[in-house]
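> Fold the stuff below for me.
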Amino acid sequence: MKKNWTKIALALGPAIMIASVAWEYARTSSDYNYLVQPWALRGYDTVHGWIIVVAGVLLLIGGLFTSMERSMQPKYSALIVGYIVIGTTGFAAYFAKDTVTINLSTVTNVILSLLLAASLALALRSLLGGSNKWFKRALLTFIPLFLAFFFLFGATIAGNPVSLPTWALVFLVFLALGALSITIKPMDMGANRMMIIASVVAGFVVLLSAGAIRQTLINIQVTTDQGNGVVGIAAQYKDTQAAGGWWLAGFGTTVMFVGAVGLWAKRRDIVAAIARAKRQRAAAETSAKEIADAAEAYAREHEGASAS
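The predicted model follows:
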């Protein structure tokens with residue numbers, strides 16, 4: 001069990017997130033003596049709970065796939081990264097139906113150009129068989145791509161608000177992150193890098209949902225019949241707090257993150273050890289060949305001296 005704790009954490013974290021749907025997500029302060037109904041909101045009573053459940057299911061599937069030793073093969077690693085990109089996009093398309101308006105300032109242009117140029121530069125270097133070590137070896141490809149994206153965006157959409165569906169923005173961001181994950185050397189670790197990113201994003205989803213969950217409880221109180229013809233007795237926002245279920249979901253994402261980082265670190269050491277062993281073996285084979293060649297040359301010289 002101690003040996004496989006990272007894989008256990010990859011499954012346990014999403015399971016905790018899923019189980020949190022049965023717990024209270026928000027609760028009204030006891031100062032109201034619970035005259036306000038409802039005074040608590042469980043995960044299955046609100047869409048926010050089901051958002052966390054679906055996120056937990058997607059993470060659980062991705063974690064199980066990543067736990068497999070086969071996921072360290074570049075082909076399967078790329079498939080897992082693709083699953084996370086598609087799953088995250090589908091998640092956003094179903095739950096986030098609003099549009100996002102982006103005003104491309106200079107800072108935003110730099111960040112976007114950096115992300116796109118980095119992912120494409122590393123991907124191109126990978127396809128060409130070159131080294132994939134971050135920008136250091138891909139610099140000659142990265143610089144022209146960055147300048148091209150920067151001036152392209154500056155000449156076309158800079159200063160003009162651009163509206164995109166949320167899922168489209170999520171797809172573009174995760175596509176770029178996925179490209180970076182599978183092209184940074186060693187490529188065997190692409191799935192592990194993407195699971196770390198997914199766990200961090202899930203943590204932010206839970207963290208930022210607290211205010212919406214509290215507001216949902218207040219909105220239900222406002223529209224609930226309190227009896228005797230009275231409708232609309234609601235607690236104040238400051239007296240409605242996130243409850244145990246929300247904290248439990250956040251704890252689940254933390255466990256998932258720890259497991260993902262732990263598995264990445266363990267496999268990184270394994271990959272480094274294998275690479276080091278290959279280099280040592282190649283050096284030993286080269287030395288053995290040099291020794292054999294030197295021995296043959298000495299034998300020939302010795303035979304020539306004896307003949308003379």
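> So which residue is dead centre in this protein?
Centroid-nearest residue in the chain: Ile197, 1.9 Å away (criterion: Cα atoms, centre = their mean).
> any weak-confidence spans in this protein?
1-2, 123-139, 158-159, 275, 294-295, 297-299, 301-308 (pLDDT under 70).
> what are the ranges of the strands in it?
For the chain, the strands defined by DSSP state E occupy 24-28, 40-42, 99-103, 161-165, 225-227, 230-231, 240-242.
> can you tell which of the ones you listed is closest to Gly63?
strand 24-28 (23.3 Å; Cβ to Cβ). For the C-beta atoms, the positions are set from N, CA and C on the backbone; glycine is no exception.
> which other residues reach the closest one?
With contact meaning Cβ atoms under 8 Å, 6 or more residues apart in numbering, strand 24-28 is reached by 34, 36, 39-43, 45-46, 48-49, 213-214, 216-217, 221, 235, 239-246.
> Can I get it in PDB? Just the C-alpha atoms.
Coordinates of the C-alpha atoms in strand 24-28 are reproduced here as PDB (Å, rounded to 0.1, in the frame of the first residue of the first chain):
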ATOM      1  CA  GLU A  24     -24.300  20.100   3.200                       C
ATOM      2  CA  TYR A  25     -22.700  22.600   0.900                       C
ATOM      3  CA  ALA A  26     -24.100  25.800   2.600                       C
ATOM      4  CA  ARG A  27     -25.700  26.500   5.900                       C
ATOM      5  CA  THR A  28     -27.600  29.400   7.500                       C
END
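> quick one: buried residues of it?
24-28 (16 or more other Cβ atoms under 10 Å).
> cool, and stretch 268-276?
Result for stretch 268-276 [16+ other Cβ under 10 Å]: buried residues Val271.
> Just the C-alphas of that stretch, formatted as CSV.
This file holds the C-alpha atoms of stretch 268-276, laid out as CSV (Å, rounded to 0.1, in the frame of the first residue of the first chain):
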residue,chain,number,x,y,z
ARG,A,268,10.3,11.2,-13.3
ASP,A,269,13.0,9.5,-11.2
ILE,A,270,12.3,6.2,-12.9
VAL,A,271,12.6,7.8,-16.4
ALA,A,272,15.8,9.6,-15.3
ALA,A,273,17.3,6.4,-14.0
ILE,A,274,16.5,4.5,-17.2
ALA,A,275,18.0,7.3,-19.3
ARG,A,276,21.1,7.3,-17.1
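> so how far is it from its chain's centroid?
23 Å (Cα atoms, centre = their mean, to the nearest Å).
> what does stretch 71-80 give?
With Cα atoms, centre = their mean, you get 15 Å for stretch 71-80.
> Longest helix in this structure, by number of residues?
helix 244-307 (DSSP state H).
> list the helices and strands it packs on?
helix 5-19, strand 24-28, helix 47-67, helix 190-223 (3 or more Cβ pairs under 8 Å, 6 or more residues apart in numbering; DSSP states H and E).
> so who does the closest residue in space to Ile196 that isn't next to it in sequence touch?
Distance criterion Cβ to Cβ, 6 or more residues apart in numbering; nearest residue to Ile196, sequence neighbours excluded, is Ala260 at 4.6 Å. Residues counted as contacts of Ala260 (Cβ under 8 Å, 6+ apart) are 6, 9-10, 63, 66, 192, 195-196, 198-199.
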